[in-house]
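K.L.:
sequence and predicted structure are below.
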There are 2 protein chains.
Amino acid sequence: MTRVVVDVMLKPEILDPQGQAVADALPRLGVSGIESVRVGKRIEIEFSGAPDLDQAREIADRLLANPVIEDYTVRVEEPAA
Amino acid sequence: MTRVVVDVMLKPEILDPQGQAVADALPRLGVSGIESVRVGKRIEIEFSGAPDLDQAREIADRLLANPVIEDYTVRVEEPAA
């Protein structure tokens, strides 16, 4: 079984209110030195056999991401030893 | 500027209806050979100076993840060349 990971993030020019809310809460935790926080999605797809990255890209494009406002990356995740 | 990435996923024993919905939609795309889909969060934290992983872990624990139902990992992301 092989895992393909799709990371979906809002494009840099799109405002991210969820990330902004986290960033705004940091001073309450006594945390400083953080420029920005962006919140996106991580999708783990388990292939039963060899992973098909083209197929994973099609899934990302049609089901997981909104290409108007989001960018995504697709990669095979090496199993942890 | 250094980026720390926090991946938050539902614990394996917790049902993931969002991932299940994606998995159920795959046959309509003509995709087969996929065992499961899990949907989680990816959070990118940009530190202005050196990243503080302990601080990132505290943010994950207190703001980003629900430790009752979610696991998280914290790592420094190397800048793409």
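P.N.:
Nice, I can see it.
K.L.:
which element is A:Arg38 on?
P.N.:
Element membership for A:Arg38 (DSSP states H and E) is strand A:34-47.
K.L.:
how far off centre is that strand?
P.N.:
Here strand A:34-47 is found 3 Å from its chain centre; the criterion is C-alpha atoms, centre = their mean, to the nearest Å.
K.L.:
go on, stretch A:5-25?
P.N.:
Relative to its parent chain, stretch A:5-25 has a centroid offset of 10 Å by C-alpha atoms, centre = their mean.
K.L.:
how about it against chain B, any contact?
P.N.:
Yes - for stretch A:5-25, a contact with chain B is found by C-beta under 8 Å from any C-beta of the partner chain, at A:Asp7, A:Val8, A:Met9, A:Gly19, A:Val22, A:Ala25. For glycine as for every other residue, the C-beta is placed from the backbone atoms N, C-alpha and C.
K.L.:
now do the end-to-end distance for that stretch.
P.N.:
29 Å (C-alpha to C-alpha, to the nearest Å).
K.L.:
so what touches it?
P.N.:
Stretch A:5-25 is contacted by residues A:34, A:36-45, A:56, A:59-60, A:64-65, A:69-77, B:42-44, B:59, B:63-64 when judged by C-beta atoms under 8 Å, 6 or more residues apart in numbering or on different chains.
K.L.:
buried stuff in it?
P.N.:
A:Val5, A:Val6, A:Asp7, A:Val8, A:Met9, A:Leu10, A:Asp16, A:Gly19, A:Val22, A:Ala23 (16 or more other C-beta atoms under 10 Å in any protein chain shown).
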